[in-house]
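J.: Predicted model follows, preceded by the sequence.
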Amino acid sequence: MRRQSLNEAHAPHPLLLDLPVFEPDATLWPRIVAARAAAGAPKRQRVSWLIGAAAAAAVFATLLAVMPHAPTESPLAESQRESQSLEREWHALSPATAQPAGLTRLHVIDANLQSAYDRGAEADELGPLWKQRNDALRGLILAARADAVTRI
């Protein structure tokens, strides 16, 4: 194999010698730079958008972790709501002449509840009273249903 000299190694290919030689337009290089910058802009915008979305997600997750959660309803409030519901049901079922024994029990429990609230009783005292009231209302509802069945 023949060894090439340094000049021969860097000499242009013979086919390239037939190409025309000209000076490029003076604005060519700035246009190439602008075109490359424009092609890279959407990628930078995408990266900026992803960084912004990640930051927003991090802020949202932090807020969820730090914000106080909605308080759960206390057993006392649940008992009060249940009592209201039972009382509505009982009024819908019972005729004007209700069972006097059941009503007397309900009035005694209501008086005890009012007394407890008046002296500032705590939930440990009020809870059993609300349970008694709900049980009394359930008894009145059962009696009203039984009375309705008996009349048929």
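T.: Done, it's in.
J.: what about the helices in the protein?
T.: With helices called from DSSP state H, the chain shows them at 6-9, 28-66, 75-93, 100-118, 123-151.
J.: So which residue is dead centre in the chain?
T.: In the chain, the C-alpha closest to the average C-alpha coordinate belongs to L64, at a distance of 8.6 Å (C-alpha atoms, centre = their mean).
J.: Make a markdown table out of the helices of the chain and add mean pLDDT.
T.: Shown next, in a markdown table, are the helices of the chain (pLDDT from 0 to 100):
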| stretch | mean pLDDT |
| --- | --- |
| helix 6-9 | 59 |
| helix 28-66 | 82 |
| helix 75-93 | 90 |
| helix 100-118 | 88 |
| helix 123-151 | 85 |
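J.: Let me have those helices in TSV, extended by distance to L15.
T.: Every C-beta, even on glycine, is put in place using the N, C-alpha and C of the backbone. TSV is the format used below for the helices of the chain (distance: least, C-beta to C-beta, whole Å):
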stretch	distance to L15
helix 6-9	16
helix 28-66	24
helix 75-93	93
helix 100-118	106
helix 123-151	99
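J.: Just want the phi and psi numbers for P14.
T.: phi -60, psi -30 (degrees, to the nearest 10).
J.: what do you get for the one 5 residues further on?
T.: For L19, the backbone dihedrals (degrees, to the nearest 10) come out as phi -70, psi 150.
J.: Measure how buried it is and give me the count.
T.: Per other C-beta atoms under 10 Å, the neighbour tally for L19 reads 8.
J.: wait, what's in contact with it?
T.: Residues near L19 by C-beta atoms under 8 Å, 6 or more residues apart in numbering: none.
J.: where's it relative to W29, distance?
T.: Going from L19 to W29 by C-beta to C-beta, to the nearest Å gives 20 Å.
J.: and what of V108?
T.: Plainly put, V108 is 100 Å away from W29 if you go by C-beta to C-beta.
J.: now swap in G120 and tell me
T.: Applying C-beta to C-beta to G120 and W29 gives a distance of 87 Å.
J.: Just want to know which of these two has more residues nearby.
T.: When G120 and W29 are compared for neighbours, W29 comes out ahead with 10 against 7, by other C-beta under 10 Å.
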